[in-house]
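Undergrad: got a sequence here, can you build the structure:
(2 chains)
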Protein chains: 2
Amino acid sequence: MSIESEARSRADFEAGLAALAELLGERFTRNAAIREQHGKAETYHAARTPDAVIFPRSTEEVAAAVAICARHAIPIIAYGAGTSLEGNITAIHGGVCFDMTGMNRIVTVNEADLDCTVEAGVTREELNLHLRDKGLFFPIDPGANATLGGMASTRASGTNAVRYGTMRENVLALKVVTPEGRIITTARRARKSAAGYDLTRLFVGSEGTLGIATEVTLRLYGIPETISAAVCPFESLQGAVDTVVQAIQLGVPMARIELLDDVQIDAVNRWAGTELAVRNTLFFEFHGSEAHVREQVETVRAISADNGGGDFSWASTTEERNRLWKARHQAYYAALNLRPGSTGWSTDVCVPISRLAECIVATKADLAGIAMPAPIVGHVGDGNFHVTFVLDPERPEEFAEARRINARLVERALAMGGTCTGEHGVGLGKIDWLEAEHGEAVELMRRIKRAIDPANIMNPGKILRLPPDPA
Amino acid sequence: MSIESEARSRADFEAGLAALAELLGERFTRNAAIREQHGKAETYHAARTPDAVIFPRSTEEVAAAVAICARHAIPIIAYGAGTSLEGNITAIHGGVCFDMTGMNRIVTVNEADLDCTVEAGVTREELNLHLRDKGLFFPIDPGANATLGGMASTRASGTNAVRYGTMRENVLALKVVTPEGRIITTARRARKSAAGYDLTRLFVGSEGTLGIATEVTLRLYGIPETISAAVCPFESLQGAVDTVVQAIQLGVPMARIELLDDVQIDAVNRWAGTELAVRNTLFFEFHGSEAHVREQVETVRAISADNGGGDFSWASTTEERNRLWKARHQAYYAALNLRPGSTGWSTDVCVPISRLAECIVATKADLAGIAMPAPIVGHVGDGNFHVTFVLDPERPEEFAEARRINARLVERALAMGGTCTGEHGVGLGKIDWLEAEHGEAVELMRRIKRAIDPANIMNPGKILRLPPDPA
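TA: Modelled structure (predicted):
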């Protein structure tokens, strides 16, 4: 670019920011601290701050702001709770961060239809608090208190997915602002439809690269009559995983079945003050009528015993259950706590469950003798597990080792018919693996991106590499 | 187009057909009877025959044939069992019909992962016959013995969707030949993935307009320990529908819950020789362990009694159950049988279940006093129901009346947050309603179509109207 055209383009960019400032008043900011906070990645990815942050309050305001950005070729990054793990919200090309947390209204709850519509900035905990008195809940639970717009955009899942599915199955419709600033709705509230291309599923998992979701319509579920949770330590990792696989194959409708390896259990004990046996351990939760839960528990207890499982410790009251799942949910922070000042890197493969034991055992062997702590947690009922590398940010050789082990892990998962990312999304961290996983199909994704966002202003450089993204 | 360029284009078209004839030998035909059979619509849409029919035997052969068609701008229509209801396979622009029924191999069954991969021409009955001895089944059941490729392409569902979901939830991956003749796979076998745009869900429901599915990877389920089916007549339509809605809201995991109105029951009795009371009737099926099924039955029986339901007639043996569902599945043919020589027109709205009773009762009022029989059947657990107009093909005034009542019905459903098509797809019959339903979002669908199939050779004129489609 010549000096003159660069100056023109810089002036145009500044004119765009000025127009946004006029539109949003004090809900537009270039404050350095706020920009930094919005460019920060949760994990190992380098931070890159946006040029400005805006705090829209309505779909119409988002649409007007997007239209300004489109006119001035300004990159747009939608931002929820900032809990994504693959650099999904880092402003690698600068631009404007749309902080959606001001859009936190619960629009409607249709109790009779078991669905609700919320603005994109509502968090899952806010929604469940609102639903509790109605006897309903929204099950998808990635651990972090993410926004529902953010969860839709990364196709999040978490501990309950084995029973209730992921955001893919539980988003009924989205209101979306397109890259031109138009407002569309992807579907109606009907439970099923055969009316044209599935735009809802196209936007779920698109990580803000095709548009900004401003409202999310979700499936809800009745709070089960009986909920029962338990923890069970195992003699071997293989035994724990075999228990999961056998229970799934028998069709036991477990609500949650989570693995924490011995290293992770130790980290949880130190962090949360629990006194769990330092063993490879399964966390279970069962939902249903009292009789149906009893039946599920009996089946799973018998399978566990056959595979070297110890006694079940039960969490029967709501408080005990919350304590148990809080310990599980804080696994990531418990891991980082093993090494004060550390940086986390969470891997995310998902494989067919018939290959899960083999995949975890081989990975565990790769981790033997490495320099850093690397606990394993897994949504094993889905075939999905995470190694958390607990890295010293001052030691580049640890990052190199993590990169090497992660590469072996992803290659192993792909060879087993698995995926490089079960739930974290592609962001920056999985772009090259996406090509390895999908091959020529990535070209179709590129065509879709170009067709919907020809100027590449929507979260550019994420999921797909298009010019002028750095290699 | 000038006479010369038309002649050139005709010569090019013929050259393309000659190349296909060379590729496929005797599996290429221009036989008039075969062409007619492949252009025939099941319902009220006018037939239009393709110029040729081919019978490919492998993905590679499909890819080679598509590449020839792409080179010569020849329209392509993929064809399975020919049971679609909205003119989805009619050759409105001529071209070549790809009859996929020769691709009927079951490629793999992964019992441990509860999934399988089949060629697109395998029918659901063939698959279930193959699976039976393994204790597994594939639940999606639209009634007709459709091919799994065809079911994926219309996003089919049917009687079991209330429990098991539709093709949207049960297709894990597709092998697809793109409009350029490339072979891609849309996803891996892992149960969940956040790796880029959801190409699987984009192709499911795309009715052959974006490519041809040659292999389908499907979720399977263990055959339940206990299956129990029953029929219950109701005093009123409202009472029957209220029973469904209340059972769904209580979270009873019914496997099937189907409504047949009094007119449909009468038709079934005449067709199948059954002696059901001529009343608005629910057909139920329950799946689970013996205790869990008993619990479900008790709950539903209590709800039915509260809503004016009569005695449950049980089908306990496999034979009785098969007879019961055969009667349900043949509802469409039973309806046509009310008037020999008639043509059927099946409506397909789906609404949020809180509006279902209101929608069905208002529709029933519209049907009072019309000239033709018009029974109602419904997958009422999903909010989806069909009116079957039984038309005299010689009486255009009946078609006009069906069109008028269908328009009122679709408008009513859209106003209730519903969809114009729950499971039949758009084909030719719902193109205008798609615009009414999705508004500006249809433009996104058009962009996707143009991006993936820029020459518009894949089932042109279906789902979306693009030049040069007739208005």
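
Undergrad: can you list the residues of the stretch 351-471 of chain A near chain B?
TA: Counting by Cβ under 8 Å from any Cβ of the partner chain, the residues of the stretch 351-471 of chain A close to chain B are A:351-354, A:382-384, A:413-414, A:417-426, A:430, A:433-434, A:437-442, A:444-445, A:447-452, A:463-464. The C-beta positions use only the backbone N, C-alpha and C, and glycine is treated the same way.

Undergrad: switch to 6 Å and redo it
TA: Residues of the stretch 351-471 of chain A lying close to chain B (Cβ under 6 Å from any Cβ of the partner chain) are A:351-354, A:382-383, A:417-423, A:425-426, A:434, A:437, A:440-441, A:445, A:447-448, A:451, A:463.

Undergrad: out of the residues you listed, which end up buried?
TA: If you count burial by 16 or more other Cβ atoms under 10 Å in any protein chain shown, the buried members of these come out as A:351-354, A:382-383, A:417-423, A:425-426, A:434, A:437, A:441, A:445, A:447-448, A:451, A:463.

Undergrad: got the residues of the stretch 151-300 of chain A near chain B?
TA: A:154-155, A:157, A:166, A:182, A:184, A:188-199, A:201-202, A:205-206, A:222, A:251, A:289, A:291-292, A:295.

Undergrad: sorry, back to before: show me the buried ones among the residues of the stretch 351-471 of chain A next to chain B that map onto helices.
TA: Using DSSP state H, A:434, A:437, A:441, A:445, A:447-448, A:451 are the members of those that sit in helices.

Undergrad: pull the helix or strand with minimum mean pLDDT from chain A.
TA: Across the helices and strands of chain A, mean confidence by mean pLDDT, DSSP states H and E is lowest for helix A:318-329: a mean of 89.

Undergrad: now the element after that one, going C-ward?
TA: Once helix A:318-329 ends, the next helix or strand along the chain (criterion: DSSP states H and E) is helix A:331-337.

Undergrad: residues contacting that following helix, please?
TA: Applying Cβ atoms under 6 Å, 6 or more residues apart in numbering or on different chains, the set of residues contacting helix A:331-337 from outside is A:264, A:267-268, A:271, A:342, A:344, A:375, A:377, A:388, A:390.

Undergrad: and which of the residues you listed is nearest to B:His329?
TA: B:His329 lies nearest to A:Val377 out of the contacts of helix A:331-337, by Cβ to Cβ, at 46.2 Å.

Undergrad: return the set of buried residues in the longest helix seen in chain A.
TA: Assignment by DSSP H gives helix A:3-24 as the longest helix of chain A. Neighbour counts over helix A:3-24 (16+ other Cβ under 10 Å) mark A:13, A:16-17, A:19-21, A:23-24 as buried.

Undergrad: now do stretch A:404-419
TA: So, applying 16+ other Cβ under 10 Å, buried residues of stretch A:404-419: A:405-406, A:409-410, A:412-414, A:416-419.

Undergrad: mind checking the SS state of the closest residue to A:Asn160 other than its chain neighbours?
TA: Leaving aside its sequence neighbours, A:Asn160 sits nearest to A:Pro139 (Cβ to Cβ, 6 or more residues apart in numbering or on different chains; 4.2 Å). Following DSSP: H, G, I helix; E, B strand; the rest coil, we place A:Pro139 in the coil state.

Undergrad: hang on, A:Pro139 packs against A:Thr166?
TA: No: look at A:Pro139 against A:Thr166 with Cβ atoms under 6 Å: they stay out of range, at 10.2 Å.

Undergrad: of those two, who's got more company?
TA: Neighbours per residue (other Cβ atoms under 10 Å in any protein chain shown) separate A:Pro139 from A:Thr166, with A:Thr166 holding more: 27 against 22.

Undergrad: dump the residue contacts of the more buried one.
TA: By Cβ under 6 Å, 6+ apart, the residues touching A:Thr166 are A:157, B:192.

Undergrad: 10 Å instead, please
TA: Listed by Cβ atoms under 10 Å, 6 or more residues apart in numbering or on different chains, the contact set of A:Thr166 reads A:140, A:142, A:151, A:155-158, A:160, A:204-205, A:379, A:382, A:384, A:422-423, B:191-194.

Undergrad: can you check A:Glu320 too?
TA: The neighbourhood of A:Glu320, defined by Cβ under 10 Å, 6+ apart, consists of A:229, A:313-314.

Undergrad: thinking again about what came up before, from A:Arg71, how far out is the residue nearest to A:Asn160?
TA: For A:Pro139, the distance to A:Arg71 equals 41 Å [Cβ to Cβ, to the nearest Å].

Undergrad: now swap in A:Leu464 and tell me
TA: 24 Å.

Undergrad: those two - which one has more neighbours?
TA: A:Leu464 (23 against 14).

Undergrad: out of everything not next to it in sequence, what's closest to A:Asn459?
TA: A:Asn459 sits nearest to A:Gly208 (Cβ to Cβ, 6+ apart), 4.1 Å away.

Undergrad: surely that neighbour meets A:Gly150?
TA: Yes: counting by Cβ atoms under 10 Å, A:Gly208 touches A:Gly150, with 9.0 Å between them.

Undergrad: neighbour-wise, which of those two wins?
TA: A:Gly150 (32 against 24).

Undergrad: hmm, A:Gly196 is touching B:Thr154, no?
TA: No: using Cβ under 10 Å, A:Gly196 is not in contact with B:Thr154, being 11.4 Å away.
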